[in-house]
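Engineer: quick one: sequence and predicted model below, then my questions.
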Amino acid sequence: MGHVPSPRESERPPDHSAHFALRDRLRKLLAVAKGHERALVLTHDNPDPDAVASACGLAHLLDQCAGVRAMAAYGGIIGRAENKAMLKVLHLPIQPVARVEHQPHDLICLVDTQPEVGNYSLASTELPQLVIDHHPARPSSLMAAFHDVGGPAGATSTLVTQYLRCARLTPGPQLATALFYGIKSDTRDLGREYDPADVECYNWLFPHIDKPSLSRIEHPAVPARYFAAYHRAYERARLHGGGEGVVVDMGDVYVPEIVPEVAEKLVSLEGLRWSLATGAFKGELYLSLRLNDRRVNAGKLVREVCAPLGGSAGGHGAMAGARVPLRGRSSDLLSTDIFAMFLRAFHLRPGPGSPLVPLLP
């Protein structure tokens, strides 16, 4: 477990210019935060481990270094088994935003999302003062008093870990494990879209993590409907372009996180370039795209397709997602229309496709 640095990595001289730049960013972050009393640190809705860990890490930094009482919060639900286990096993101090939003706060922070994306739950229309996100920068983020967005890091947990290291704050086992798992899950264990900073933070955190807790998070118990959702997904998945891509409309899903999980599983099919999954949950259609083709930017493509539909979208090179309000529309018909738009974007003819799993006689 853990990334073992190559000789070239371990012998690399320290980048003093990067260190000074990070120290300067930390000073700016703390300068914006100081003088405030209470902060609300908000993730995107239905947060993944990277978002949860980043929010808890930033709240800890604000509390310890800026003297600001900070509350980490999220909208939507945390439904995926690994994500639920992460909160339960590590006892992370994060709450549903509905419980804390109306408590007094004079500093709003966003992590792992940005104002323009619109995929977070906040009744207030005021712009956040702090925005930290590893996804491509949106123009609205540049209006924040402090912003660290669009960098090469593969996880927002990496950015937050860098600030903790620069501030000489060593996280306790629970927070260290959360940040480690945030990097691990978002970069697929340093196998996808990672940066040297991810490797450095991953290795720095490793001695501080709770290894048995990490194992419990990565191997959680799952409900029977988890297997039912996968069974239905495999039955409904359709191949296009001679096995170039696969689409699946999962219908109604019991948690929105199952949609990206299925897309992630399907893209591992041998020879596949891309996978696209959709699923309906509480009046919204969730969509997740995964790519094995570096010539296409998943985040850009999803935004182009979903923006005209009134949806919110986000992502980067190999992975992206969106949610589109149904507003009375049939989720089946909307999925069919979305599949047709993506197939055309991949220069394929829309159609029924062929079953991923042929029905047995």
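Structural biologist: That came through fine. Numbers count the residues shown, from 1 in each chain.
Engineer: hey, let's count contacts and neighbours off CA atoms from now on
Structural biologist: OK.
Engineer: and stretch 294-304, C-alpha only, in CSV?
Structural biologist: Extracted C-alpha coordinates of stretch 294-304, given in CSV (Å, rounded to 0.1, in the frame of the first residue of the first chain):
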residue,chain,number,x,y,z
ARG,A,294,-6.8,11.4,-23.8
ARG,A,295,-7.8,13.2,-27.0
VAL,A,296,-11.2,14.1,-25.5
ASN,A,297,-11.7,16.3,-22.4
ALA,A,298,-14.6,14.8,-20.4
GLY,A,299,-15.4,17.9,-18.4
LYS,A,300,-15.6,20.1,-21.5
LEU,A,301,-17.8,17.6,-23.4
VAL,A,302,-20.2,17.1,-20.5
ARG,A,303,-20.6,20.9,-20.0
GLU,A,304,-21.3,21.4,-23.8
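Engineer: buried stuff in that stretch?
Structural biologist: Judged by neighbour count (16 or more other CA atoms under 10 Å), stretch 294-304 contains these buried residues: 297-303.
Engineer: now the residue positioned nearest the centre of the chain: closest residue in space that isn't a chain neighbour?
Structural biologist: Centroid-nearest residue in the chain: Asp48, 5.1 Å away (criterion: CA atoms, centre = their mean). Excluding the flanking residues, the one nearest Asp48 by CA to CA, 6 or more residues apart in numbering is Asn83, at 6.7 Å.
Engineer: could you measure from that neighbour over to Ala53?
Structural biologist: Taking CA to CA, to the nearest Å as the measure, Asn83 falls 11 Å from Ala53.
Engineer: got it, and Leu169?
Structural biologist: The separation that Leu169 has from Ala53, given CA to CA, amounts to 15 Å.
Engineer: likewise for Asp63?
Structural biologist: 15 Å.
Engineer: and Leu309, by the same measure?
Structural biologist: Taken as CA to CA, the span from Leu309 to Ala53 is 31 Å.
Engineer: what do you get for Gly242?
Structural biologist: Distance from Gly242 to Ala53, by CA to CA: 40 Å.
Engineer: ok, Leu127 touching Gln114?
Structural biologist: No: Leu127 lies out of contact with Gln114 (CA atoms under 8 Å); the separation is 10.0 Å.
Engineer: in contact with Gly311, which residues?
Structural biologist: Taking CA atoms under 8 Å, 6 or more residues apart in numbering, we find Gly311 in contact with 322-325.
Engineer: what does Met341 give?
Structural biologist: Val305.
Engineer: pLDDT at it, what is it?
Structural biologist: Each residue has a pLDDT score; the one for Met341 is 95.
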